[in-house]
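1. sharing a model that was predicted from the sequence below.
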Amino acid sequence: QVQLVESGGGLVQAGGSLRLSCAASGRTFSSYAMGWFRQAPGKEREFVSTISWSGGSTYYADSVRGRFTISRDNAKNTVYLQMNSLKPEDTAVYYCAASSKFMSITTSYGAYDYWGQGTQVTVSS
């Protein structure tokens, strides 16, 4: 069993930056692929970024590529999402997710079996 707790969300002006953190419990964290998803009001949850178990592979949605950076520290059981050049359309609840089924990167919602409670990111124009 893995529990995920996100932090770092908040209100920021367009063009600003935020760093989200996701702290995981469980000894098997280092063997899981991790991902970030987001859900805006009235919209479906969408993929943002994913990172492999070692951190050696990453992948991003087209909408955030070049602005967001995902990373992980397996010694601290934590995954991060550095978000730069934020836009109002980035406003959403951001969710951290862990996949016990995959060690490599995966963008599929169904591949993730553990989810955090979410953290709100609001970008004002």
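-> In hand now; what should we look at?
2. so what's Gln1 up against?
-> 25-26, 114 (Cβ atoms under 8 Å, 6 or more residues apart in numbering). Glycine gets a C-beta too; all of them are placed from N, C-alpha and C.
3. no no, Leu86
-> Listed by Cβ under 8 Å, 6+ apart, the contact set of Leu86 reads 12, 14-18, 67, 121, 123.
4. put the buried members of these into a ChimeraX selection.
-> This is how ChimeraX selects the buried members of the contacts of Leu86, with burial counted by 16 or more other Cβ atoms under 10 Å:
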select :12,18,121,123
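5. quick one: the helices in this protein?
-> Assigned by DSSP state H, the chain shows no helices.
6. strands of that one, start to end?
-> Listed in chain order, the strands found in the chain under DSSP state E are 4-7, 10-13, 18-24, 33-39, 46-51, 58-60, 68-73, 78-83, 92-99, 114-115, 119-124.
7. tell me which residues are up against the shortest one.
-> Residues external to strand 114-115 that are found in contact with it (Cβ under 8 Å, 6+ apart): 1-4, 32, 95-100.
8. can you spell out which residues form a bridge with the residue nearest to the spatial centre of the chain?
-> By Cα atoms, centre = their mean, the chain has its centre lying nearest to Trp36, at 2.4 Å. Taking DSSP bridges as the rule, Trp36 bridges to Ser49, Cys96.
9. that one contacts Met83, correct?
-> No - the pair Trp36 and Met83 does not pass the contact test of Cβ atoms under 8 Å, sitting 9.5 Å apart.
10. overlap of the contact sets of these two?
-> Counting by Cβ under 8 Å, 6+ apart, the shared contacts of Trp36 and Met83 are Leu20.
11. right, I'll leave it there.
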